[in-house]
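Peer 1: Here is my input, please return the structure:
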Amino acid sequence: MSTILIVEDNEDLLDDLLLNLRHAGMDVHGVGDAQQLDAYLVSHMPAVLVLDLGLPDEDGLSVVQRIKESHPKMGVIMVTARVSLDDKLLGYQLGADNYLPKPVNYQELIMIIGSLLRRLAETNSPALVSMTATDACWLLDKRKMTISAPIIPNSLDAVASLTLTWTEVCMLEVFSCSDAGSADKQALLKVLGGDADDDYYQLHRLEAAISRLRKKLESLSSDKETLIKVQRAKGYQFMQPLMVV
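Peer 2: Okay, the predicted model is just below:
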């Protein structure tokens, strides 16, 4: 069973979260601050981290950033009283998978954790097809959660690749489902865990995720052309061939 770790300094809230998630059949543990989180991660690897941003010893956004850098396959759900759009967008830019305001709706949290676990399991499942890099295609490896740039002709260098978050993997998979590399906003918002409503917050959340992914991919590309472009009144388009392993 996948393990859930809650990082929350309010002991009463932590106890309530543990009680409700265990009642839902989850294997869940709790710690009170970032130092205890680091100690826990020395010998344990939870699948999902439920993280309060207002910790006493380290800002939660800093925790999100370093956790995603060291454990990119770990799902992160932020739980916080910070509800401004800027805080939410920054959280997603740093790699968080979901952002929930306090007070926590336990039923919603349980459903979000379940959905995130299913997506992580699918992303980390063994690849059924083996592929090699070509000089024309980007290669997305779902099992390793990496993407590789096309081989540069006459280059002796190894194919450049980078590690993605599971959300970025799923977004790229949406692009790969279209021959033209097109993806509508609703499909991409569903990957982000949104309700696909075209409201201000959801659209800006999508824009932030696309911007972060675009910058990552363009750091690998020798082509100065933008890899992900806006399709007016529809969504976005991945401008080069993309294969999924």
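
Peer 1: Just give the number of residues close to the nearest residue to D52 once chain neighbours are set aside.
Peer 2: Counting by Cβ to Cβ, 6 or more residues apart in numbering, D52 lies nearest to E8, which is 4.5 Å off, once chain neighbours are set aside. C-betas here are computed from N, CA, C, even on glycine. Look at E8: counted by other Cβ atoms under 10 Å, it has 23 neighbours.

Peer 1: so where is this structure shaky, pLDDT-wise?
Peer 2: 83, 122-136, 151-160, 179, 194-198, 222-224 (pLDDT under 70).

Peer 1: can you do 80?
Peer 2: The chain contains residues with pLDDT under 80 at 1, 82-93, 119-136, 142-144, 150-160, 177-179, 193-201, 221-225, 233, 245.

Peer 1: can you list the domains in it?
Peer 2: Using automatic domain parsing, the domain ranges for the chain come out as 3-123, 138-244.

Peer 1: Kindly check the end-to-end length of the shortest one for me.
Peer 2: The first and final residues of domain 138-244 sit 9 Å from each other (Cα to Cα, to the nearest Å).

Peer 1: And that domain, how far out from the chain middle?
Peer 2: Remark: domain 138-244 is offset 13 Å from the chain centroid, using Cα atoms, centre = their mean, to the nearest Å.

Peer 1: that's a strand at H29, yeah?
Peer 2: Yes: the assignment for H29 by DSSP: H, G, I helix; E, B strand; the rest coil puts it in a strand.

Peer 1: ok so, going back, and the residue nearest to D52, what does it touch?
Peer 2: Under the criterion of Cβ atoms under 8 Å, 6 or more residues apart in numbering, the neighbours of E8 are 14, 17, 30, 32, 50, 52, 79.

Peer 1: Distance-wise, check the fifth one relative to H204.
Peer 2: Same thing as V50. Distance check for V50 against H204: by Cβ to Cβ, to the nearest Å, it reads 24 Å.

Peer 1: Buried residues of stretch 192-208, list them for me.
Peer 2: 192-194, 202, 205-206, 208 (16 or more other Cβ atoms under 10 Å).

Peer 1: contacts for it?
Peer 2: By Cβ under 8 Å, 6+ apart, stretch 192-208 touches 85, 88-89, 92-93, 97-98, 112, 115-116, 167, 171, 185-186, 188-190, 209.

Peer 1: ok, of those residues, which come out buried?
Peer 2: 88-89, 92-93, 97-98, 112, 116, 167, 171, 185-186, 188-189, 209.

Peer 1: for the residues you listed, which one is nearest T3?
Peer 2: L116 (13.0 Å; Cβ to Cβ).

Peer 1: Give the helix, strand or coil label for the closest one.
Peer 2: helix.

Peer 1: ok, and the closest non-adjacent residue to N10?
Peer 2: N10 sits nearest to D52 (Cβ to Cβ, 6+ apart), 7.5 Å away.

Peer 1: Look at that neighbour and say how many residues are nearby.
Peer 2: 23.

Peer 1: Could you verify my assumption that it touches V76?
Peer 2: No: D52 is beyond contact range of V76, at 11.7 Å (criterion: Cβ atoms under 8 Å).

Peer 1: Would you map the helices across the protein?
Peer 2: 11-23, 34-43, 60-70, 85-93, 106-123, 166-176, 185-191, 200-218 (DSSP state H).

Peer 1: what does the fourth one rub up against?
Peer 2: For helix 85-93, the external contacting residues (Cβ under 8 Å, 6+ apart) are 53, 61, 64, 78, 80, 82, 99, 192, 200-201, 204-205, 208-209, 211-212.
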